[in-house]
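# need a structure here:
(chains A and B)
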2 protein chains.
Amino acid sequence: MDLLKQKILSEGRVIGTEILKVDSFLNHQVDPFLMQAIGAEFASLFAYQGITKVLTIESSGIAPALFTGLLMNVPVIFAKKTASRNLDTETYHAAVHSFTRGGEYIIRVSKRYLTSEDTVLFIDDFLARGRALLGLLEIAQQAGARVAGAGVVIEKGFQDGGSLIRNMGIRVESLAIIKEMSEEGSMITFADKT
Amino acid sequence: MDLLKQKILSEGRVIGTEILKVDSFLNHQVDPFLMQAIGAEFASLFAYQGITKVLTIESSGIAPALFTGLLMNVPVIFAKKTASRNLDTETYHAAVHSFTRGGEYIIRVSKRYLTSEDTVLFIDDFLARGRALLGLLEIAQQAGARVAGAGVVIEKGFQDGGSLIRNMGIRVESLAIIKEMSEEGSMITFADKT
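Presented below is the predicted three-dimensional model:
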């Protein structure tokens, strides 16, 4: 997706060998017009799949997921990372290892909103080691829901998450796949395709 | 806002005396069409105020804030509740007491995205005791930004947050103000206006 790649090239900042900061438009400050374009792209890529729910994880997945849901005419669920008095006690849950934050966290989805009648599309901002998508898969399996695939805004193609998930037979569509990046001059190159 | 009030009446669940669960359309599962309508309402209420940034707190504020930003043609910033390797080290921050979760949490906004040139509109899903808005105010003050006001989806009119913030001279627009609610029969009544 050219608009996204241009944005990554002009505003992305590479820190070390693994961190790409895109907090000017994706995961801290958010560009609503870009999110709308991203939602339109996912809605088009996954059209006619019978999708009934878009599923993401708070917080950075919410913006792209929301426009995807709007344009697919289905509700969006964001899995919660923190326990709260306001969440139902009956939940599906999965442990997700975070390489960014260190340690594990639990994601939860109320049983009320995902069932075996659903066909879900996962949306997330990043795909690196694939742990967040594995967690969402586990939740979909617990619910007995069908999985249509995963829409990812930025995939770190030099890490193993993409092949891990695709090798499980899950369709993954990433709008920008980073082949290489280095802090030196904030160099970023994209893979042409998966 | 009638559409919102109807949704609260048909899907809201009252637990005890203080909890209103609206996780079927606002803060766990999200109805993107309702969020779009809410964004349009806030954009209209705060039109011609020279707003340059919409500011909210992750996660439940993101959906209404995103459509507000889209329709006002300005970026949306969500304050982070958790420290992360991916957040800038130079941040504005404020402590927020949470009655829902118990305890305090720190909200952070990178200094890169909010300055004294900005006029900000706060958006949040709930206004109860007003602590989250006080935290956002503190962050705007640290940045030297002008505050245009606060757009709130649901205000608990029977708690003191609304008067606390309005008495500080801040314009608060709530799309639904709950006057009374009780678990018995999930009874909810709205205040006509502020």
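# contacts and neighbour counts: CA atoms only from here.
OK.
# near chain B, which residues of chain A show up?
Within reach of chain B by Cα under 8 Å from any Cα of the partner chain, chain A has these residues: A:19, A:21, A:23-24, A:28-33, A:58-59, A:62-63, A:66-67, A:69-70, A:74-80, A:84-87, A:100-101, A:109, A:113.
# can you rerun that using 6 Å?
Taking Cα under 6 Å from any Cα of the partner chain as the contact definition, chain A meets chain B at A:28-32, A:59, A:70, A:75-78, A:84, A:101.
# please check those and keep the buried ones.
By neighbour count, with 16 or more other Cα atoms under 10 Å in any protein chain shown, the residues of chain A next to chain B hold A:28-32, A:59, A:70, A:75-78 as buried.
# of those, which belong to strands?
A:29-30, A:76-78 (DSSP state E).
# now tabulate these in JSON lines and tack on pLDDT.
Output for those, formatted as JSON lines (pLDDT from 0 to 100):
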{"residue": "A:29", "pLDDT": "98"}
{"residue": "A:30", "pLDDT": "98"}
{"residue": "A:76", "pLDDT": "98"}
{"residue": "A:77", "pLDDT": "98"}
{"residue": "A:78", "pLDDT": "98"}
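# and the residue nearest the centre of chain A, helix, strand or coil?
Nearest to the mean C-alpha position of chain A, by Cα atoms, centre = their mean, lies residue A:124 at 0.9 Å. Here residue A:124 is strand, with the state taken from DSSP: H, G, I helix; E, B strand; the rest coil.
# which residues does it contact?
A:56, A:61, A:152 (Cα atoms under 6 Å, 6 or more residues apart in numbering or on different chains).
# state the distance from the nearest residue to it once chain neighbours are set aside to residue A:77.
Spatial nearest neighbour of residue A:124, excluding adjacent residues (Cα to Cα, 6 or more residues apart in numbering or on different chains): residue A:61 at 4.6 Å. Residue A:61 sits 10 Å away from residue A:77, going by Cα to Cα, to the nearest Å.
# got it, and residue A:170?
With distances taken as Cα to Cα, residue A:170 is found 20 Å from residue A:77.
# same question for residue A:116.
Taking Cα to Cα, one finds residue A:116 at 15 Å from residue A:77.
# repeat that for residue A:17.
Distance from residue A:17 to residue A:77, by Cα to Cα: 32 Å.
# residue A:155 too?
Distance from residue A:155 to residue A:77, counting by Cα to Cα: 22 Å.
# now do residue A:33
According to Cα to Cα, residue A:33 and residue A:77 sit 21 Å apart.
# what's the first-to-last distance across stretch A:44-60?
21 Å.
# residues of it that come out buried?
A:46, A:51-60.
# if you average the pLDDT over it, what comes out?
Average pLDDT, stretch A:44-60: 98.
# what does that stretch rub up against?
Residues outside stretch A:44-60 that contact it (Cα under 6 Å, 6+ apart): A:27, A:74-80, A:118-124, B:59.
# now find how far off-centre it is within its chain.
10 Å (Cα atoms, centre = their mean, to the nearest Å).
# stretch A:17-26 now?
Relative to its chain's centre, stretch A:17-26 lies at 14 Å (Cα atoms, centre = their mean).
# only alpha carbons, please: show that stretch as CSV.
Output in CSV follows, covering the C-alpha atoms of stretch A:17-26 (Å, rounded to 0.1, in the frame of the first residue of the first chain):
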residue,chain,number,x,y,z
THR,A,17,17.9,-3.4,14.8
GLU,A,18,14.3,-4.3,15.7
ILE,A,19,12.3,-1.2,16.7
LEU,A,20,10.4,0.8,14.1
LYS,A,21,8.8,3.8,15.7
VAL,A,22,5.6,4.9,13.8
ASP,A,23,4.1,6.7,16.7
SER,A,24,3.4,9.8,14.7
PHE,A,25,0.6,8.1,12.7
LEU,A,26,-0.1,4.6,14.0
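# if anything else comes up later, I'll come back, but that's it for now.
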